[in-house]
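K.L.:
Have a look; sequence and predicted model below, questions after that.
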Amino acid sequence: MEIFGYIALLFVGLLLGTFGGGGAILSVPILVYLFSLDTVTSTAYSLFIVGNTSLVGCVLKYRTQMVDIRTAALFGIPSLAAIFVTRKWIVPNIPEVLLYTEGFSYTKRGLILGLFALFMILSAKPMIAQNWSLGQGSRQGDNGVFMVPAGIVTGFLTGLVGAGGGFIVILVLLHFTALPFKTIVGTTLLIVSANSLIGFTGDMLNRAIDWPFLLLITGLAMTGIFLAGHFTRKLANEQLQVAFGWFVLFMGVTIMLREITFV
């Protein structure tokens, strides 16, 4: 199964390069189901993979002036604080078994992957319905007052499920800023990179890291982000949006059903 995991990691970079998010949607299930890592280790490694791969993508976008530093700081700084606190103190203190009765137990694994699946399903809906339009800025203009609380909530979710929070960031920026979509993607990559790497720092203080393995799989994901530019030029943004929305929905439902039936 591991050979499929190595191949699948290329798609982590492809998703990040195309949409500015979605890396953890693949990386966490890959690490849990194909590499048989425990859930908390998988979310920690996912943060490192997504963080470094997003950083590469952000540099590529910045060279073409598609990163808004002001927006990234306004949203990202509160998010950074929230994710570090969550990974450093909240996640390690969640009991392994949350609820136990005769014939039934609800574990930390079920909580994290269940929330992760719910996060995916909710993220898929606006993409499938095309409730926001790719390539266009928000009609509501800039509204920075909501950036700080949105950043805190995103940081908490990012830390809890080991996701970079890219889809939440994209939706917030589309709704509360007038940035064009390509700039939103670049700005999101910067925020996701910072969130993920700060979150991983909290994990690094709590656990041993298999660095050779982690650097190998991160390198594969980084290769994917360079490939993303070639694929996205051949397809319309609207086609990518809807197709990826259905993919995210399928993955979310699959993980949810698997965890419900997991013994």
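P.N.:
Ah, there it is.
K.L.:
so Thr107 sits right up against Glu96, yeah?
P.N.:
Yes - counting by Cβ atoms under 8 Å, Glu96 is a contact partner of Thr107 at 6.1 Å. Placement of C-beta: from N, CA and C, glycine included.
K.L.:
what about the strands in the protein?
P.N.:
Per DSSP state E, the chain carries strands over the ranges 97-101, 104-107.
K.L.:
got any ranges where the stretch 51-200 of the chain has weak pLDDT?
P.N.:
Flagging of the stretch 51-200 of the chain using pLDDT under 70 yields the residue ranges 130-144, 162-164.
K.L.:
circling back to that earlier point, can the strands of the chain go into a markdown table with extra columns for distance to Thr41 and mean neighbour count?
P.N.:
A markdown table is the format used below for the strands of the chain (distance: least, Cβ to Cβ, whole Å; neighbours: other Cβ atoms under 10 Å):
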| stretch | distance to Thr41 | mean neighbour count |
| --- | --- | --- |
| strand 97-101 | 18 | 11 |
| strand 104-107 | 15 | 13 |
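K.L.:
what would those strands look like in TSV with distance to Thr188?
P.N.:
Formatted as TSV, these follow (distance: least, Cβ to Cβ, whole Å):
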stretch	distance to Thr188
strand 97-101	32
strand 104-107	32
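K.L.:
Of all the ones you listed, which one comes closest to Tyr6?
P.N.:
Comparison of the strands of the chain against Tyr6 by Cβ to Cβ identifies strand 104-107 as nearest, at 27.9 Å.
K.L.:
Tell me the strands beside the closest one, with direction?
P.N.:
strand 97-101 (antiparallel) (DSSP bridges).
K.L.:
Mind listing residues that contact the strand it pairs with?
P.N.:
Ser105, Tyr106, Thr107, Lys108, Gly110, Leu111 (Cβ atoms under 8 Å, 6 or more residues apart in numbering).
K.L.:
Leu115 and Leu160 touch, don't they?
P.N.:
Yes - Leu115 is in contact with Leu160 according to Cβ under 8 Å; the separation is 6.4 Å.
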